[in-house]
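Undergrad: this one's sequence-less:
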């Protein structure tokens with residue numbers, strides 16, 4: 001089975017909560033076409049502007065925002081006020097369950113991404129990326145990591161379900 005991958009732009013605060021295991025459900029207004037065991041690459045947006053890690057999708061849930069909050073509030077990494085603001089004009093909320101988590105050390109900054117991928121622009125929300133056949137989560141960025149000679153620096157940080 002081929003895994004799909006997405007490059008997900010995310011505020012640094014939430015990227016680090018995912019990496020440390022305190023946020024186990026990533027919230028979105030638009031559902032990406034991912035399923036269990038697909039790979040999410042975390043691009044921490046401004047001011048960090050770097051790839052900081054990745055996680056394996058454990059599950060995907062979609063429901064009304066109030067239902068998602070009632071069922072998963074302990075997993076979303078934000079308070080009710082911020083949650084309500086984020087979904088204020090949305091009829092549906094999407095939660096991407098976080099499975100195994102990997103930190104990318106060293107981080108891959110935007111200037112290096114642009115050097116390796118001419119014309120690269122971080123996505124506003126997410127963008128699909130091609131993974132090598134049979135890619136493991138820690139090797140999802142293997143073309144970049146091999147270019148950097150740093151593939152060995154992917155560290156397994158936690159296995160969150």
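TA: Here it is on my side, so go on. This structure is a prediction, so every number in the text was calculated from the model and none was measured.
Undergrad: What segments of the chain are strands?
TA: With DSSP state E as the criterion, the chain has strands at 5-10, 25-28, 39-44, 50-63, 93-109, 126-129, 154-159.
Undergrad: out of those strands, nearest to residue 75?
TA: For residue 75, the closest of the strands of the chain is strand 25-28, at 4.1 Å, according to C-beta to C-beta. Just so you know, the C-beta spots here come from the backbone N, C-alpha and C atoms, and that holds for glycine as well.
Undergrad: gap between the closest one and the chain center?
TA: 9 Å (C-alpha atoms, centre = their mean, to the nearest Å).
Undergrad: Flag every buried residue along it.
TA: Judged by neighbour count (16 or more other C-beta atoms under 10 Å), strand 25-28 contains these buried residues: 25-28.
Undergrad: Can you list the low-confidence ranges for this protein?
TA: Applying pLDDT under 70 to the chain flags the ranges 1-2, 132-161.
Undergrad: hang on, the earlier thing: tell me the most buried of the strands of the chain?
TA: strand 39-44 (a mean of 25; mean count of other C-beta atoms under 10 Å).
Undergrad: tell me the angle it makes with strand 5-10.
TA: Interaxial angle, strand 39-44 versus strand 5-10 (axes from the mean of the first three to the mean of the last three C-alpha atoms, to 10 degrees): 30 degrees.
Undergrad: and the direction of strand 39-44 versus that of strand 93-109, what angle?
TA: Calculated by the same axes, to 10 degrees, strand 39-44 forms an angle of 70 degrees with strand 93-109.
Undergrad: Check which strands are paired with strand 39-44 and give the direction for each one.
TA: Here strand 39-44 has these sheet partners by DSSP bridges: strand 5-10 (parallel), strand 50-63 (antiparallel).
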